[in-house]
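Enquirer: need the 3D shape of this:
(2 chains)
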2 protein chains.
Amino acid sequence: MHTSPFETNLDQCAANYTALSPISYLERSAFVYPNKIATVNGDVRRTWKETLGRCRQLASALTKVGVKKGEAVSIIASNLPEHFEAHFGVPMTGAILNSINTRLDASAVAFILQHAEAKVFLVDKEFGELATAALGMLDEKPLVIGIDDASYDEGVMIGEMDYEAFIATGDAEYKGEPVTDEWNAITLNYTSGTTGDPKGVVYHHRGAYLNAASNALSWSMEMHPVYLWTLPMFHCNGWCFPWTIAAQAGVSVSLRHVRADKIYELIKAEKVGYFCGAPIVLNLLNSADESMKAGINHKVKVMTAGAAPPAAVIAGMEAMGFDVTHVYGLTETYGPCAICAWNDEWDDKSAAEKAILKARQGVRAPMLEGMVVMDPETMELVPKDGETMGEIFMQGNLVMKGYLKNPTTTEKAFKGGWFASGDLAVWHEDGYVQIKDRSKDIIISGGENISSIEVEGVLYAHPHIQEAAVVAKNDDKWGETPCAFVTLKEGAPDVSEAEVIEFCREHMAKFKSPKNVVFGPLPKTSTGKIQKFILREQANAL
Amino acid sequence: MHTSPFETNLDQCAANYTALSPISYLERSAFVYPNKIATVNGDVRRTWKETLGRCRQLASALTKVGVKKGEAVSIIASNLPEHFEAHFGVPMTGAILNSINTRLDASAVAFILQHAEAKVFLVDKEFGELATAALGMLDEKPLVIGIDDASYDEGVMIGEMDYEAFIATGDAEYKGEPVTDEWNAITLNYTSGTTGDPKGVVYHHRGAYLNAASNALSWSMEMHPVYLWTLPMFHCNGWCFPWTIAAQAGVSVSLRHVRADKIYELIKAEKVGYFCGAPIVLNLLNSADESMKAGINHKVKVMTAGAAPPAAVIAGMEAMGFDVTHVYGLTETYGPCAICAWNDEWDDKSAAEKAILKARQGVRAPMLEGMVVMDPETMELVPKDGETMGEIFMQGNLVMKGYLKNPTTTEKAFKGGWFASGDLAVWHEDGYVQIKDRSKDIIISGGENISSIEVEGVLYAHPHIQEAAVVAKNDDKWGETPCAFVTLKEGAPDVSEAEVIEFCREHMAKFKSPKNVVFGPLPKTSTGKIQKFILREQANAL
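Expert: Residues are numbered from 1 along each chain as shown, chains lettered A, B, ... in the order given. Model prediction:
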């Protein structure tokens, strides 16, 4: 075989090849802009140089307590600077950051800590009680480090020591474990999943590096963006924005609770230029008191994803002068991997028409390689007619490494060389994808995925319930809420809607509990499958 | 050995791994913005969809004439749309694009065609005569395809057929040879060869993809940038801007000859927002007639590199409202891999101080991994004192794959895990690098190092001097002395050698002042660099 001279004696070496890792962005920003502000939390402001030092201290401290390459470090925290730092300090050791959804119940948190085999658990005091309950369910407990927050009066500090004392044991000059393979894991994010137990989605350094850049390109971000944390950092690592902010030497502005007054206050005080959120966040801001909205004189860019945002909400935000970009993705794709890229051929359309165009999920992001709509049975592309339904499939470097300790599900998700999103959509003539129906089992409430199967599991645990089916009900505030349809066991006493809801709230996270419960026979196919599409219609007619 | 669950059953597959290649940017822009203009050459405008079709036709046609993966296709052309297309169409086949410097002589072109083992040679009619002479020197000739240009009346069309007829044999639906390994070669660029035979610098798909993104991030580029080709595309593949423009779905505006009137005309007519060039291009624009400059009402961003731009030229451009970014790199680093990133702590400085800060070479670009100043003997970092001289070394994904068929020189260039730039520099306290000289351009007089760049800086400050170059002249007493070669501005009064020397002695240490001053045109390389080796010979013949 003839070997090309272009592939001979031209190998990778230390001079010309470095594994892609977002840690590089932090190091660069600390070097080039040491005195620029990196994080803001109330009165606490830290520069990029300080932030790098603290990340290195965290990494060093973790190493000193025995955390090793390939092990997990979990965190449950609001969008604090410490949470931001963990996105760099943990991977610097070669360990994997597992940021846990703060809205889960104790048993779900316990499941995750156990499944991830977390060696250290960083706990924001707001979630001290929840974490204590979760830890109580574990045989092998991780080392617990509490995170205090001077700007927050409530909560319970727990753990062996607090974060400041912990990182004080570390060395600010520690260089970390070199990333030798960009395919190595960087973070672990649990989905609520469509099938019961949450799945652990593993991201790698390469994907995190590329999606951070892809975010900046998608948004045509200026240098030094001021970014407000309306989106939880536990959500697909804040859609990879901790790494994007580092790449752009921006400012990470903390926000503990999503409240309109606080958001508007920070937008004005910190001159926030960018934030992300589910449509519910936009809705909240849109419907806020006019007095809060007054006084914003700079450009604000908003990225939204989750359920398809109602066109009216987009139009309302734009009327306020906010520039809304609609993006789309899943936990399995590092958050948004698609963007409803604006096309200036649409500039002359009416505001209503523009909002409808913008409500579509769009096209692949700059650094995703492929997004198509195919018939999931035949794996053939559906026609671009805006009508034929198919499933969205993705391909490329913004698709997860796979599910942790779950080769069967990983293999299934990647069948045929594409990642199956589970989202049903049409393909428009211009190549833009529009979701018509979420995969049947998923309910998206306030930006969070709820597995109907999980809710049904709780319902089925009720002593008097015979059958249960849970579907999404459209909701102005939350996007969707779970609506339960149940039949009672023969001879069971009367059970009220309120009693069923209360039962669910006792056994799972409150946000997952049904908001409505309907009693009566369930429509079924001839083979006995419950016809959820009929229930969905019924739910929306309530 | 314990294997981490994060590295088990989580392998790369078609769904989650795609080799990085800038061809992906073209495909995306043609998909998302099919009707947006991609290339402009006089009256000829083509959309992204048309451009993708033509690139695929070129790839298909090349395949049909037998071009195979790992072979070279050469081109000698001005900055035409066809040259832009070749940056995609050639690599689509798995072949390597070799863009040849149009200012070389026939024997140098012949050397390159032979060394690259070019299978096809695309020849813009402006260079038909040159190409014919070069081909005459070859035993084995490539297939020659002529490129016509309706907007250009001169030149000689040569070849088997013309470009349009050639690509008409190709298939616009051809999908190309998939890039299976991002380390595979994409282009081949020959250095100007100031030290013997030119060296063939090999770029790979990964580096081209990353530098294209790094360019967009460095420049905070908006979507759809209108980019004017003042920089030759043969120069480090136009600093990778063909790929950046594709990533941003911008407009590639052709420019055959660098002339101030044409440049200003296109800036106004096409609303050009971005262009690159050596300081000599800025100088040309800066010293152009005021009437040409009038009427630019939009923001224009300029990237400059090459020789250190005199602070006066930067200040002049900024006074015109152009935003100048100074970048730095070599053929071996895909063009610019460093940027004099602006720091807003400098906003309050005087224009003169700002220009001095901006004239420094700066810091690593977003996607380079390392740039340091080290003692080349000990490989120890020099102190950041702005005084201690060392050599600039780079590391990371924007460093070439190596030199073609030249393992010895490749190994030498990568010794110690860093790429040795050959540029001598100091490191300032803020981490910014400033070049003091090429290692071979330093003048050692009476044991003292004299930076030729420093002496040139003083000469450029003389009111009547247009261009200046300083080299070492052998001297029995001092070893070497500085010898200056200068040209005077148009319409300047006569200036004597003694006057120039006196001017220098007033503005710098006497031992650094030139002992000789020669008036007259300066010999330049094809890329516009002053050929100091010729001046050195002239100096020693005085």
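
Enquirer: any weak-confidence spans in the stretch 101-250 of chain A?
Expert: A:192-196 (pLDDT under 70).

Enquirer: ok, and the closest non-adjacent residue to the residue of it found nearest chain B?
Expert: Taking Cβ to the nearest Cβ, chain B has its nearest neighbour within the stretch 101-250 of chain A at A:Ala185, 3.8 Å off. Quick note: C-beta positions are derived from backbone N, CA and C, even for glycine. Nearest in space to A:Ala185, with sequence neighbours left out and distances taken as Cβ to Cβ, 6 or more residues apart in numbering or on different chains, is B:Phe6 at 3.8 Å.

Enquirer: try A:His462
Expert: A:His462 sits nearest to A:Phe503 (Cβ to Cβ, 6+ apart), 5.4 Å away.

Enquirer: the one you found: helix or strand, and which one exactly?
Expert: Applying DSSP states H and E as the criterion places A:Phe503 in helix A:497-507.

Enquirer: sheet-wise, list the partners of the very next helix or strand once past that helix with their directions.
Expert: On the C-terminal side of helix A:497-507, the nearest following helix or strand under DSSP H and E is strand A:516-519. Applying DSSP bridges to the sheet, strand A:516-519 is found paired with strand A:479-488 (parallel).

Enquirer: can you check what angle separates the strand it pairs with from helix A:497-507?
Expert: 110 degrees (axes from the mean of the first three to the mean of the last three Cα atoms, to 10 degrees).

Enquirer: mind listing what's buried along strand A:479-488?
Expert: Neighbour counts over strand A:479-488 (16 or more other Cβ atoms under 10 Å in any protein chain shown) mark A:479-486, A:488 as buried.

Enquirer: burial count for the closest residue to chain B within the stretch 301-450 of chain A?
Expert: Nearest to chain B in the stretch 301-450 of chain A, going by Cβ to the nearest Cβ, is A:Gly417, at a distance of 3.3 Å. Counted with other Cβ atoms under 10 Å in any protein chain shown, residues neighbouring A:Gly417 total 13.

Enquirer: residues touching it, list them.
Expert: A:395, B:13-15 (Cβ atoms under 8 Å, 6 or more residues apart in numbering or on different chains).

Enquirer: buried stuff in the helix holding A:Phe503?
Expert: Under 16+ other Cβ under 10 Å, the buried positions of helix A:497-507 are A:500-501, A:503-505, A:507.

Enquirer: distance check, A:Met445 against A:Lys436.
Expert: Check again: residue A:445 is Ser, not Met. 19 Å (Cβ to Cβ, to the nearest Å).

Enquirer: who has more neighbours out of these two?
Expert: Each of A:Ser445 and A:Lys436 has its neighbours counted (other Cβ under 10 Å); A:Ser445 has more, 23 against 13.

Enquirer: local confidence estimate at the more buried one?
Expert: pLDDT, A:Ser445: 88.

Enquirer: ok, it touching A:Cys483?
Expert: No. The criterion here is Cβ atoms under 8 Å, and A:Ser445 misses it with A:Cys483 at 10.9 Å.

Enquirer: hang on, A:Leu357 packs against A:Lys349?
Expert: Yes. Assessed by Cβ under 8 Å, A:Leu357 is found in contact with A:Lys349 at 7.1 Å.

Enquirer: pLDDT weak spots in chain A?
Expert: Using pLDDT under 70, the flagged stretches of chain A are A:1-2, A:192-196, A:306-312, A:437-441, A:525-529.

Enquirer: which helix of it spans the most residues?
Expert: helix A:48-64 (DSSP state H).

Enquirer: got the contact list for it?
Expert: For helix A:48-64, the external contacting residues (Cβ under 8 Å, 6+ apart) are A:26-27, A:29-30, A:33-39, A:46, A:73, A:81, A:84-86, A:88-90, A:92-93, A:95, A:120, A:166-177, A:249.

Enquirer: ok, now with 6 Å
Expert: Identification of contacts with helix A:48-64 by Cβ atoms under 6 Å, 6 or more residues apart in numbering or on different chains yields A:26, A:29-30, A:33-34, A:36, A:38, A:85, A:88-89, A:92-93, A:166-167, A:169-172, A:174, A:176.

Enquirer: may I see the PyMOL selection of the buried members of those residues?
Expert: With 16+ other Cβ under 10 Å as the criterion, this PyMOL line picks the buried residues out of the contacts of helix A:48-64:
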select buried, chain A and resi 26+29+30+33+34+36+38+85+88+89+92+93+166+167+170+172+174+176
